[in-house]
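# A structural model of the following input is requested.
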Amino acid sequence: MPETMTSHRGLWAGRIISALVVIAPAADGTIQLFAPAQLASMLQETGFALDLTRILGPIILACAMLYAIPATAVLGAIPVTGFLGGAICAHVRIGELGSPPELISLLLGAMTWGGLYLHDPRIRALLPLVH
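You can find the predicted model right below:
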């Protein structure tokens, strides 16, 4: 019985963590599509053109949707963590090592795979923590 409760708790913890991960890129993609002017100063600091928001917004939204659907969650996790890694790289490039956006991206990347690990038995079988 304790194992069942633990797996039930892990399942729901994984779902909640994954939901938080979905919210972040969905919000980012939405802002890039509908309010790119709010990102102008940040994009300029990191060296990206404002015109990229029209391209990146839909891509980020598509990745968030792939991650949100259980059957395609692993496929969605790959580009989501890729985008987060790119964000980390952009901040390292401009000398902002340890900046809040960089740490948030790192946390979201860990949450992306941690959430999947907790609620998807296929990921646990692929990456066992204990043999």
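# so what does the least confident helix or strand in the chain by mean pLDDT touch, helix or strand wise?
Least confident helix or strand of the chain, by mean pLDDT, DSSP states H and E, is helix 40-46 with a mean of 83. Helix 40-46 sits against helix 73-93, with contacts defined as 3 or more C-beta pairs under 8 Å, 6 or more residues apart in numbering; DSSP states H and E. C-beta coordinates here come from the backbone N, C-alpha and C atoms, glycine included.
# tell me the average confidence for the helix it packs on?
For helix 73-93, mean pLDDT rounds to 94.
# returning to what we had before: tabulate the CA atom coordinates of the helix or strand just after the least confident helix or strand of the chain in PDB.
As assigned by DSSP states H and E, the chain's next helix or strand after helix 40-46 is helix 53-68. Provided in PDB are the C-alpha atoms of helix 53-68 (Å, rounded to 0.1, in the frame of the first residue of the first chain):
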ATOM      1  CA  THR A  53       9.000  37.000 -32.200                       C
ATOM      2  CA  ARG A  54       6.700  36.400 -35.200                       C
ATOM      3  CA  ILE A  55       8.600  33.200 -35.900                       C
ATOM      4  CA  LEU A  56       9.500  32.000 -32.400                       C
ATOM      5  CA  GLY A  57       6.100  32.700 -30.800                       C
ATOM      6  CA  PRO A  58       4.300  30.000 -32.800                       C
ATOM      7  CA  ILE A  59       7.200  27.600 -32.500                       C
ATOM      8  CA  ILE A  60       7.300  27.900 -28.800                       C
ATOM      9  CA  LEU A  61       3.500  27.500 -28.600                       C
ATOM     10  CA  ALA A  62       3.700  24.300 -30.700                       C
ATOM     11  CA  CYS A  63       6.400  22.900 -28.400                       C
ATOM     12  CA  ALA A  64       4.300  23.700 -25.300                       C
ATOM     13  CA  MET A  65       1.300  21.900 -26.900                       C
ATOM     14  CA  LEU A  66       3.400  18.900 -27.800                       C
ATOM     15  CA  TYR A  67       4.600  18.700 -24.200                       C
ATOM     16  CA  ALA A  68       1.100  19.100 -22.800                       C
END
